[in-house]
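In: test case, fold it:
(one chain, ligands or ions: 1)
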Amino acid sequence: MGVSGKRIVLGVTGGVAAYKAAVLTRELQRAGAQVQVVMTEAGTRFVGPATFQALTGEPVFVDQWDARIVNGMAHIELSRAADAIVIAPASADFIASLAQGRAGDLLATLCLARECPLAVAPAMNRQMWENPATQRNIQQLRNDGIEVVGPDSGDQACGETGMGRMLEPEAIVEALASWLSPKPLLGKRVLITAGPTFEPIDPVRGITNRSSGKMGFALAGACVQAGAEVTLVAGPVSLDTPWGVRQRINVQTAQQMHDAVHRQLDAAAHAAHPHDVFIAVAAVADWRPASYSDAKIKKTDAQSVPQLQFTQNPDILASVAARKPAPYCVGFAAESDSLERHGRDKLIRKGIPLLVANIGHETFGRDDNELLVLDGSSQTRLARAPKHELARELVHEIARRLDLPR
Ligand code: CTP
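Out: Alright, predicted model coming up:
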């Protein structure tokens with residue numbers, strides 16, 4: 001799924017951002033894609049083909065009449081072998097040529113002769129991007145079913161700041177993975193909690209846990225890739241929002257997470273487009289200190305140790321499952337023993353249709369995991385894998401249950 005196992009023709013056209021195409025090549029390979037680079041003559045003015053040749057281990061093609069292609073039809077050979085063509089950076093000139101269906105060089109010709117999907121990542125100066133001619137051309141590409149990825153705004157090579165900068169390579173890979181993935185959650189609204197909560201004691205101290213947020217963020221990304229509109233309510237974590245997440249709400253405490261979740265559910269229900277799925281991945285603190293001290297608690301007397309009193313936090317997942325109507329609720333659990341029995345108890349106690357149990361301890365902070373998926377009648381084991389892969393498998397498990405009678 002995503003770009004993994006895909007054969008991608010990466011077209012590099014003339015622009016300063018061409019140097020980032022080398023990083024993009026590496027990122028695509030890291031995501032499991034096979035990359036073949038084709039450059040325009042202008043592209044080679046910015047980065048030499050030797051760089052891409054060394055990175056991909058494949059010859060780089062520039063010339064329409066390249067004698068290395070046996071039957072002399074490089075455009076047909078290259079586009080026939082590709083699962084997708086990605087132009088990054090796509091210059092204003094190349095976009096114009098695509099919009100008009102021109103075949104002025106090898107890259108343009110193979111875009112015209114393609115049978116596979118085509119995506120472009122525009123990169124140009126702000127004025128060139130804003131020019132009505134470029135905007136017209138971009139609209140034409142969209143109308144022709146070509147995916148336009150970016151651009152971003154920020155500092156530009158010309159010294160200006162504004163729209164037109166090529167999206168960063170990591171974001172391009174995420175966007176491509178999303179674009180090339182199947183869409184079992186198309187049109188669905190998904191709300192996800194992720195990360196730990198932080199329960200303050202005084203202005204400098206508090207109680208939290210070791211949840212990294214990685215699994216919840218991976219799931220948010222996988223839901224986007226599956227076509228869902230995703231809102232992420234995150235506890236304190238230092239993770240970038242996955243590409244395509246519609247809204248991220250940062251909270252600290254369990255109570256704030258509870259309130260943010262219900263506000264989102266209320267607003268969506270009010271707008272007559274309620275959430276279809278709620279996934280509670282957050283490691284929510286079950287208790288919080290009963291009182292909060294506005295001033296830092298001082299160590300005035302070495303003999304006296306402060307005694308903390310606790311009070312119960314709301315159970316966010318159970319409160320969402322109790323709503324009428326409720327979205328399809330998915331819970332997460334960390335059990336140390338009797339996984340299935342405790343898991344099934346939890347399904348019933350929380351009133352939810354699906355529970356995902358971590359197999360084994362020490363899952364916090366790790367990049368991989370092993371999961372047991374439990375519903376009312378069956379269990380499915382998801383073998384140890386990186387969290388972003390497990391996230392895709394989980395999305396599949398959720399999506400296929402959504403259409404079943406509940
Ligand atoms: N959860 C929640 N609100 C809480 C506590 C938990 O939404 N106040 C959610 C978590 O996001 C997770 C699931 O409920 O989806 C975990 O349930 P919990 O009962 O906390 O399970 P464990 O942490 O495994 O705790 P225990 O076994 O002690 O019940």
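In: how about the CA coordinates for the host helix or strand of residue 110, as CSV?
Out: If you go by DSSP states H and E, residue 110 is part of helix 106-112. Output of helix 106-112 as CSV, limited to C-alpha atoms (Å, rounded to 0.1, in the frame of the first residue of the first chain):
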residue,chain,number,x,y,z
LEU,A,106,11.4,13.2,-23.2
LEU,A,107,9.7,13.9,-19.8
ALA,A,108,6.8,15.8,-21.4
THR,A,109,6.4,13.1,-24.0
LEU,A,110,6.2,10.3,-21.5
CYS,A,111,3.7,12.3,-19.4
LEU,A,112,1.6,12.6,-22.5
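In: residue 278 and residue 234: what is the separation?
Out: 15 Å (CB to CB, to the nearest Å). C-betas here are computed from N, CA, C, even on glycine.
In: what pLDDT, on average, does the helix holding residue 110 get?
Out: In this model, helix 106-112 has a mean pLDDT of 93.
In: tell me what it is packed against?
Out: With contacts taken as 3 or more CB pairs under 8 Å, 6 or more residues apart in numbering; DSSP states H and E, helix 106-112 sits against strand 7-12, strand 34-39, helix 74-80, strand 84-90, helix 92-100.
In: pick out the shakiest of those, pLDDT-wise.
Out: helix 74-80 (a mean of 73).
In: what is it packed up against?
Out: Using 3+ CB pairs under 8 Å, 6+ apart: helix 74-80 touches helix 106-112.
In: now do the helix or strand hosting residue 142 and helix 92-100, the angle between them.
Out: Taking DSSP H and E as the criterion, residue 142 maps to helix 132-143. Per axes from the mean of the first three to the mean of the last three CA atoms, to 10 degrees, the angle that helix 132-143 makes with helix 92-100 is 50 degrees.
In: using CSV, write out every CA atom in stretch 292-310.
Out: Provided in CSV are the C-alpha atoms of stretch 292-310 (Å, rounded to 0.1, in the frame of the first residue of the first chain):
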residue,chain,number,x,y,z
TYR,A,292,-3.9,22.2,42.2
SER,A,293,-1.5,24.6,43.9
ASP,A,294,-1.3,28.0,42.1
ALA,A,295,2.2,28.5,43.6
LYS,A,296,5.1,26.1,43.5
ILE,A,297,5.0,23.8,46.5
LYS,A,298,8.1,24.6,48.6
LYS,A,299,10.3,22.2,50.4
THR,A,300,10.1,24.2,53.6
ASP,A,301,10.5,21.4,56.0
ALA,A,302,12.8,18.5,55.0
GLN,A,303,10.8,16.2,57.3
SER,A,304,7.4,16.8,55.7
VAL,A,305,6.6,15.0,52.5
PRO,A,306,3.5,16.3,50.6
GLN,A,307,0.6,13.9,50.5
LEU,A,308,-1.1,13.9,47.1
GLN,A,309,-4.9,13.2,47.1
PHE,A,310,-6.3,11.9,43.8
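In: run the chain-centre distance for that stretch.
Out: 43 Å (CA atoms, centre = their mean, to the nearest Å).
In: just stretch 241-250 next, same as before
Out: 9 Å.
In: circling back: I'd like the helices and strands packed on helix 106-112 as JSON lines, with distance to residue 163 and mean neighbour count appended.
Out: What follows is these, written out as JSON lines (distance: least, CB to CB, whole Å; neighbours: other CB atoms under 10 Å):
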{"stretch": "strand 7-12", "distance to residue 163": "21", "mean neighbour count": "26"}
{"stretch": "strand 34-39", "distance to residue 163": "25", "mean neighbour count": "24"}
{"stretch": "helix 74-80", "distance to residue 163": "30", "mean neighbour count": "19"}
{"stretch": "strand 84-90", "distance to residue 163": "14", "mean neighbour count": "27"}
{"stretch": "helix 92-100", "distance to residue 163": "13", "mean neighbour count": "21"}
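In: dump the ones you listed to TSV, plus distance to residue 141.
Out: Below are the helices and strands packed on helix 106-112 laid out as TSV (distance: least, CB to CB, whole Å):
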stretch	distance to residue 141
strand 7-12	14
strand 34-39	18
helix 74-80	17
strand 84-90	9
helix 92-100	6
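In: out of these, the one nearest residue 354 is which?
Out: strand 84-90 (33.0 Å; CB to CB).
In: what residues does the closest one touch?
Out: 6, 8-13, 15, 17-18, 20-21, 24, 79, 94, 98, 107, 110-111, 114, 116-123, 149, 166, 172, 176, 180 (CB atoms under 8 Å, 6 or more residues apart in numbering).
In: please pick the buried ones from those.
Out: 6, 8-13, 15, 17-18, 20-21, 24, 79, 94, 98, 107, 110-111, 114, 117-123, 149, 166, 172, 176, 180 (16 or more other CB atoms under 10 Å).
In: so which of those residues also contact the ligand?
Out: When CB under 6 Å from any ligand atom is applied, no member of the buried ones among the contacts of strand 84-90 is adjacent to the ligand.
In: how does the protein divide into domains?
Out: Domains of the chain are assigned by automatic domain parsing as 7-180, 189-402.
In: get me the contact residues on the stretch 201-350 of the chain for the ligand.
Out: Applying CB under 6 Å from any ligand atom, we find that the stretch 201-350 of the chain lies next to the ligand at 254, 280, 282, 284, 286, 313, 315-317, 331-335.
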